[in-house]
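[1] The following block contains a protein sequence and its predicted model.
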Amino acid sequence: MNIVLVVFDSLRKDCIGFYGKPFWGRVFTPHLDAFAQESVVFTNAFPESLPTLPARRALYTGRRTYPFVNGDFRLKGDFVGAAGWGPIPEDQPTVAEILRETGYRTTLISDVYHMFKPSKNFWRGFDQWTFLRGQETDPARSGPRLTKEEINKWLPEDLQTEGSIRFIQQCIMNMHDRWTNEEEFFAPRVFREAAKWLQQNQDAEKFFLVIESFDPHEPWIVPQYYRKLYLKEDGPEQIKSGYSEQQLGSYLLKRTQANYSGEATMCDRWFGFFIESMKLMGLLDNTIVIVTSDHGHSIGDRSYMGKRGYPSMPEVYEIPLMIRFPEAKYKRKICDVFVQHHDIAAQILHTAKVKNLPVLDGIAFLEKALKNQPIRDHVTVGWGPNPTVITAEWWLNFKMDMTGILLYRRKGKDTFKKNYAAQYPNVVKNLMDIAVKDAGGSFPQWLVEMAKKQMDAPGCSDLAARK
């Protein structure tokens, strides 16, 4: 059986129409909705660790990244994005390496530039890996530089800092010559390249294809007609995240939400193009297709713009997960079992019937999930010095120095509005004990010290933007 894994960066679960809608209104995703109708859909899927690179380490290996032991990376050629923001450890075989050894033709199509920076090695095990240049601050182009007038067009003056100007400068330089043709935007390029690979590799006996779309990650740059699906009113542009409790004003917030929604819809359109290509080539009859994201993004939720590890919230931590079987077997099956990124890796290897598996932390979950049998009663999600433990009823977020305890109910009228930590100390103790146990019995001291210094876990764009 062929296996296709599609990973979107920063795609919120509630921005896929099948799952619901964000607080600002429904997002138009007809192709992902149609895919969900033919898939097993998971409602309790979470990252193993965040943000971009730690999430992919777990997804690509089936091993936990949390609690970030030996994860204090200071590597040349990159900023320090977060704990665990480094290459895949050399002693951890990747899913691609294992599948290639068993006869799979393995390929990675990606524009997630963090994966290809100096010192990174996320292409390990792929017979072909294609890096599509130009996302965000990838140094794909060095000119022409933006004028002050152009910077003001793309970045409101009251949001301009040295770091944010540098960010916008590179982003817009990378977009030169792309504006007039939607096919040259990033998500279209990724899915067009993936469809081309299918055409070129029809002789493969079996293949493992990983498609990584950095969209709908910021900067939220889309053809105007996508934004106008959600906001027809013209005005100042706003395409980046401030990673703070910004007060953008009514119009700029609506503009940001419309740009994000438009980018999600553009991703949906070109995902649909890829799935239609698979259908035309007869590949949907012998391929399992897995669609997920690494995490979400707050876009005005609780007055915050960005993604963060403390306080952790559902719009960032809950992720979509849809798995389509050949001939749409088990279609419209909805599962509420707890699943994480490292479980997806384990399931892929199980689906491929790999023997003599290496040590895995993930659990192959589909057999039990299809019978509505749980594989675990909680998940622990790591982000820097701020673990989150989630059960069916509770959501605990705290700092590794055992301070800053936030205990929320996941269901009810006051969901994520009231901190129950003082009211339920036994629940807090039990969940904190789980976090420590899942960390192997203790937290790394360097992260405990980070927590004591009140240092938060940045998002992957945060450090560059704050300088």
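    Everything's here; your move.
[2] for the stretch 201-350 of the chain, what spans make up the helices?
    Listed from the start of the chain, the stretch 201-350 of the chain has helices (DSSP state H, counting those that start in this stretch) covering 224-227, 250-280, 314-317, 341-351.
[3] can you tell which of these is closest to Gly300?
    Gly300 sits nearest to helix 250-280 of all the helices of the stretch 201-350 of the chain, at 5.1 Å, using CB to CB. (C-beta placed from N, C-alpha, C; glycine too.)
[4] quick one: low-confidence ranges for this protein?
    Low-confidence regions of the chain, defined by pLDDT under 70, span residues 456-467.
[5] Now render the helices of the stretch 201-350 of the chain as a markdown table, adding distance to Leu407.
    Listed next are those as a markdown table, based on distance: least, CB to CB, whole Å:
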| stretch | distance to Leu407 |
| --- | --- |
| helix 224-227 | 39 |
| helix 250-280 | 29 |
| helix 314-317 | 15 |
| helix 341-351 | 25 |
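[6] Of all those helices, which one is nearest Gln423?
    Gln423 lies closest, by CB to CB, to one member of the helices of the stretch 201-350 of the chain: helix 314-317, at 21.0 Å.
[7] Am I right that Ala451 is in a strand?
    No. According to DSSP: H, G, I helix; E, B strand; the rest coil, Ala451 belongs to no strand; its state is helix.
[8] Wait, it touches Pro387, no?
    No. Using CB atoms under 8 Å, Ala451 makes no contact with Pro387, being 10.1 Å away.
[9] quick revisit: closest to Ile375 out of the helices of the stretch 201-350 of the chain?
    Within the helices of the stretch 201-350 of the chain, the stretch nearest Ile375 is helix 341-351; the backing value is 7.3 Å (CB to CB).
[10] quick revisit: could you dump the helices of the stretch 201-350 of the chain into JSON lines with distance to Phe443 and mean neighbour count added?
    Output for the helices of the stretch 201-350 of the chain, formatted as JSON lines (distance: least, CB to CB, whole Å; neighbours: other CB atoms under 10 Å):
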{"stretch": "helix 224-227", "distance to Phe443": "43", "mean neighbour count": "17"}
{"stretch": "helix 250-280", "distance to Phe443": "34", "mean neighbour count": "21"}
{"stretch": "helix 314-317", "distance to Phe443": "19", "mean neighbour count": "23"}
{"stretch": "helix 341-351", "distance to Phe443": "19", "mean neighbour count": "24"}
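[11] what number of residues lie near Glu101?
    Here the neighbour count serves as a burial measure; for Glu101 (other CB atoms under 10 Å) it reads 12.
[12] show me the residues around the residue most central in space within the chain that make contact.
    Nearest to the geometric centre of the chain sits Asp294, at 1.9 Å (CA atoms, centre = their mean). Shown here is Asp294, whose contacts under the criterion CB atoms under 8 Å, 6 or more residues apart in numbering are 7-10, 47, 50-52, 55-56, 59, 319, 341.
[13] of all the helices of the stretch 201-350 of the chain, which lies closest to Lys413?
    Distance to Lys413, taken as CB to CB, is lowest for helix 314-317 among the helices of the stretch 201-350 of the chain, at 15.7 Å.
[14] other SSEs contacting the closest one?
    strand 298-299 (3 or more CB pairs under 8 Å, 6 or more residues apart in numbering; DSSP states H and E).
[15] The strand it packs on pairs with which strands?
    Strand pairing for strand 298-299, determined by DSSP bridges: strand 305-306 (antiparallel).
[16] if I look at Gln93, how far off is Asn356?
    Careful, residue 93 is Pro; it's not Gln. Computed as CB to CB, to the nearest Å, the Pro93 to Asn356 distance reads 11 Å.
[17] So which of those two has more stuff around it?
    Just comparing Pro93 and Asn356: by other CB under 10 Å the higher neighbour count belongs to Pro93, 21 against 6.
[18] How about the more buried one: what's its closest non-neighbour residue?
    With sequence-adjacent residues excluded and distances taken as CB to CB, 6 or more residues apart in numbering, Pro93 is closest to Pro358, at 5.2 Å.
[19] thinking again about what came up before, wait, which of the contacts of Asp294 is closest to Pro188?
    When these are compared against Pro188 (criterion: CB to CB), the nearest one is Phe8, at 13.7 Å.
[20] Count the neighbours of the closest residue to that closest one other than its chain neighbours for me.
    On the basis of CB to CB, 6+ apart, the spatially nearest residue to Phe8 that is not a chain neighbour turns out to be Ser293, at 4.4 Å. Other residues near Ser293 number 26, with proximity taken as other CB under 10 Å.
[21] Could you pull up phi and psi at the residue nearest to Pro93?
    In terms of degrees, to the nearest 10, the main-chain angles of Pro358 are phi -70, psi 180.
[22] how far away is it from Asp158?
    Distance, Pro358 to Asp158, by CB to CB: 52 Å.
[23] tell me the contacts of Phe23?
    For Phe23, the contacting residues are Gly300, Asp301, by CB under 8 Å, 6+ apart.
[24] May I have the secondary structure class of it?
    Going by three-state DSSP, the secondary structure assigned to Phe23 is coil.
[25] start at 21 instead
    Noted, 21 is the first residue going forward, which turns the last one into Phe43.
[26] list the contacts for Pro236?
    If you count contacts by CB under 8 Å, 6+ apart, Pro236 has them with Phe28, Asp29, Ser30, Leu31, Cys35, Ala207, Tyr280, Glu283, Ala284, Met286, Cys287.
[27] Leaving out chain neighbours, which residue sits closest to Arg77?
    Nearest to Arg77 is Thr85, by CB to CB, 6+ apart, at 4.8 Å.
[28] ok but that neighbour is inside a helix, no?
    No. Counting by three-state DSSP, Thr85 is located in no helix; its state is coil.
[29] that older thread, who wins for neighbours among the contacts of Asp314?
    Neighbour counts for the contacts of Asp314 (other CB under 10 Å) peak at Leu70, which has 34 neighbours.
[30] What's the local residue count around the closest residue to that residue other than its chain neighbours?
    By the measure of CB to CB, 6+ apart, the closest residue to Leu70 outside its immediate chain neighbours is Trp403, 4.5 Å from it. Other residues within reach of Trp403, judged by other CB under 10 Å, total 31.
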